[in-house]
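Chemist: Model the structure of this input:
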Amino acid sequence: MKDVSDLWPISRALLMQILEDRCSDQFVCERIWERLGYVPSSQDWTAGDNTPAEWADAFPQAPQVIAERPPSVRLTRSIAKEHKQLLKQQLQFAGYRIGELYPRRTRRATAVNWLLAWLAERAEPLEEQGPLAPELPVPEDPVTGHPGDRAVA
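Modeler: Now for the predicted structure:
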């Protein structure tokens, strides 16, 4: 895995940007991939030497954790029980309203919870501020997302 100092810093501001759907799905995936040990190549991200075997075997190419259900389910299941409520505990995130429940958004919430769990497992603090993703407006159609986001299956 990359040295932790080489990873994109996770902050409360960044996690809220993800939850508020103000950055691309690709950006969210890359924050997960780099922590799972996937490495960027000229065309894609692929499993690296530090990618856990269960991920590398199931997904030799970095999985689309927002667009595709199987990797999203695996991400959910990989969160330790004691970390399942971190979205509520650390971000006071109560979930989306009924009219806002779309697979893309619920998978973003899963990604944020996984990132919080990743920090918790390493006893790393959640900083208030840090670098943000390139800012995008909230998509007009939350089902299709931002231009360039993959269709959700």
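Chemist: Tell me how far Asn50 lies from Val39.
Modeler: From Asn50 across to Val39, the span is 9 Å (CB to CB, to the nearest Å). For every residue, glycine as well, the C-beta is placed using N, CA and C.
Chemist: The two: who's more crowded?
Modeler: Neighbour tally, Asn50 and Val39, criterion other CB atoms under 10 Å: the higher count belongs to Val39, 17 against 13.
Chemist: correct me, but the more buried one touches Ala56?
Modeler: No - using CB atoms under 8 Å, Val39 makes no contact with Ala56, being 11.2 Å away.
Chemist: Give me the common contacts of those two.
Modeler: Jointly contacting Val39 and Ala56 under the rule CB atoms under 8 Å, 6 or more residues apart in numbering are Ala47.
Chemist: so what's Thr144 up against?
Modeler: Contacts of Thr144 were listed using CB under 8 Å, 6+ apart, and they are Ala151.
Chemist: Can you report how many residues neighbour the residue nearest to Arg12 when sequence neighbours are not counted?
Modeler: If the residues on either side of it in the chain are set aside, Arg12 comes closest to Glu128, at 5.2 Å by CB to CB, 6 or more residues apart in numbering. Applying other CB under 10 Å, we find 8 other residues in the vicinity of Glu128.
Chemist: In contact with Glu128, which residues are there?
Modeler: Ser11, Arg12, Ala13.
Chemist: mind checking pLDDT for it?
Modeler: pLDDT, Glu128: 96.
Chemist: The top helix by length along the chain - contacts with which helices or strands?
Modeler: Taking DSSP state H as the criterion, the chain has its longest helix at helix 103-121. Helices and strands touching helix 103-121, by 3 or more CB pairs under 8 Å, 6 or more residues apart in numbering; DSSP states H and E, are helix 12-19, helix 25-35, helix 69-77, helix 86-91.
Chemist: Tell me the helix or strand right after the second one.
Modeler: What that stands for is helix 25-35. strand 38-40 (DSSP states H and E).
Chemist: Now find how far off-centre the helix or strand that comes right after that following strand is within its chain.
Modeler: The helix or strand immediately downstream of strand 38-40 is strand 45-47, counting by DSSP H and E. Averaging C-alpha positions (CA atoms, centre = their mean, to the nearest Å) puts strand 45-47 16 Å from its chain's average.
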